[in-house]
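1. Next one to model:
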Amino acid sequence: MSTAVLSDLEIEAYWQNGYAVVPEALTPQQLNALRADFDSWVDESRQHDVAYGDTPDGRARFDLEKDHSADRPALRRVASPVDVSDAYLGAMRDNRALDAVAQLIGPNVEFNNSKINAKHPGTATAVKYHQDFMFQPHTNEDLIAVLYFLDDVTSENGPLMVVPGTHRGPLFDHWHDGVYTGAVAPDVEAEHAPLAVPVHGPAGTACLMHTRLLHGSAPNLSDQPRTLFISEYRAEDSKALQVNHLPSAHDGEVVRGERTNRVRCSTYEMEYPEVPTGASFFEQQAKA
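-> Here you go, the predicted structure:
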């Protein structure tokens, strides 16, 4: 059963701006358990020099920075951690941010996908501006990505940058000259990036982000890590129109409310996204 987390003013602000921040979305116990599992994966990654592990569609689960080494491990992505960790699965199913999601697109909510995006100190990973919906067409746009901060997020360690209100604007092309880059065109980024605002907060905070919101992030140039557990949820009556780019055994699990067996459609137009073949969308964005 969901608990009211967002006030009426916060709900209004979410639909106006396309994002909301929930403090203390994770309990200290959840945060410690998630960090411990991620630290164990970072340690394990020292034994590898290329992406490794398996996901349900045969792609690698653990993706590494180009400058990754045993002495300086740089594990930048874990795909579907909920499939290999009881801590991540439990946190995905029960946290304050999920209650806020139910307030916004509920009462019936399904799990869509999950990942960990990590920026180790001094690593070069940047996320080009994009809209999540352009990777995952659904019958309607009631999808919310929840970004749980596993570290303190500051202006120096590569915070999420969002462009408020862009979820109410156009869906921007992510295909360019016949190549799916997973990013908007340079002129679109140049126009909107100056309007972006950073999302900061202590570890345990969560940012709820509308699937159409334009966002990106810069490299981590600090001496502090910036690790995000990202879990995406959808309204139960929003049905996928493309295979899940982050397949999981838990795709479609009802995490709030009940299953209705109904489908709801909205009107939009987009070019069909490419199904990724690499370990993460960073490889697609590298084509830009």
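2. The longest helix seen in the chain: how far from the chain's middle?
-> Using DSSP state H to define each element, the chain has its longest helix at helix 28-45. Its chain's C-alpha centre and that of helix 28-45 lie 18 Å apart, by C-alpha atoms, centre = their mean, to the nearest Å.
3. That one - contacts with which helices or strands?
-> Helix 28-45 is packed against strand 62-64, strand 75-79, helix 86-93, strand 109-119, strand 226-235, with contacts defined by 3 or more C-beta pairs under 8 Å, 6 or more residues apart in numbering; DSSP states H and E. No exception for glycine: its C-beta is placed from N, CA and C like everyone else's.
4. Please render these as CSV that adds mean neighbour count and distance to S45 to the earlier fields.
-> Output for those, formatted as CSV (neighbours: other C-beta atoms under 10 Å; distance: least, C-beta to C-beta, whole Å):
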stretch, mean neighbour count, distance to S45
strand 62-64, 25, 6
strand 75-79, 25, 4
helix 86-93, 19, 17
strand 109-119, 25, 10
strand 226-235, 25, 13
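5. Not counting sequence-adjacent ones, nearest residue to P276?
-> H245 (5.5 Å; C-beta to C-beta, 6 or more residues apart in numbering).
6. And what about the one you found, helix, strand or coil?
-> coil (DSSP: H, G, I helix; E, B strand; the rest coil).
7. mind checking pLDDT for it?
-> pLDDT for H245: 92.
8. Now for it: which residues touch it?
-> Shown in contact with H245 (C-beta atoms under 8 Å, 6 or more residues apart in numbering): N113, F135, Q136, P273, V275, P276, F281.
9. again, but for E232
-> E232 makes contact with F111, N112, N113, S114, D132, L143, I144, A145, V146, T211, according to C-beta under 8 Å, 6+ apart.
10. Could you find the closest non-adjacent residue to P247?
-> Per C-beta to C-beta, 6+ apart, closest to P247 is P56, 4.2 Å.
11. in the stretch 151-288 of the chain, what spans have low per-residue confidence?
-> 278-288 (pLDDT under 70).
12. Strands along that one, start to end?
-> 160-162, 175-176, 179-180, 197-199, 206-210, 215-217, 226-235, 254-256 (DSSP state E, counting those that start in this stretch).
13. Can you verify my assumption that G158 contacts P219?
-> Yes. Counting by C-beta atoms under 8 Å, G158 touches P219, with 5.7 Å between them.
14. joint contacts of these two?
-> Residues within reach of G158 and of P219 at once, by C-beta under 8 Å, 6+ apart, are K119, T125, A126.
15. can you tell me which residues contact the residue nearest to the first one when sequence neighbours are not counted?
-> In space, not counting the residues next to it along the chain, K119 is nearest to N220; the distance is 3.7 Å by C-beta to C-beta, 6+ apart. If you count contacts by C-beta under 8 Å, 6+ apart, N220 has them with K119, H120, P121, G122, T123, T125, E156, N157, G158, R226.
16. can I get these in a markdown table with distance to V197?
-> As requested, the contacts of N220 are exported to a markdown table (distance: C-beta to C-beta, whole Å):
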| residue | distance to V197 |
| --- | --- |
| K119 | 19 |
| H120 | 24 |
| P121 | 24 |
| G122 | 24 |
| T123 | 23 |
| T125 | 21 |
| E156 | 16 |
| N157 | 16 |
| G158 | 15 |
| R226 | 17 |
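17. Give me the buried entries from those.
-> K119, H120, T123, T125, N157, G158, R226 (16 or more other C-beta atoms under 10 Å).
18. ok, back up a step: buried ones from the contacts of H245, can you make that a PyMOL selection?
-> In PyMOL, a selection of the buried entries from the contacts of H245 looks like this (16+ other C-beta under 10 Å):
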select buried, resi 113+135+136+273+276+281
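19. Same list, the contacts of H245, but as TSV with distance to V50 please.
-> Shown next, in TSV, are the contacts of H245 (distance: C-beta to C-beta, whole Å):
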residue	distance to V50
N113	23
F135	24
Q136	27
P273	25
V275	21
P276	17
F281	17
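20. about what we covered before: buried stuff in the longest helix of the chain?
-> Of the residues in helix 28-45, those buried (16+ other C-beta under 10 Å) are Q30, L31, A33, L34, R35, D37, F38, W41, V42, S45.
21. Stretch 54-70 too?
-> For stretch 54-70, by 16+ other C-beta under 10 Å, it's T55, R59, A60, R61, F62, D63, L64, E65, H68.
22. And for stretch 144-152?
-> In stretch 144-152, counting by 16+ other C-beta under 10 Å, buried: I144, A145, V146, L147, Y148, F149, L150, D151.
23. which two in these are spaced the farthest apart?
-> I144 and D151 (21.7 Å; C-beta to C-beta).
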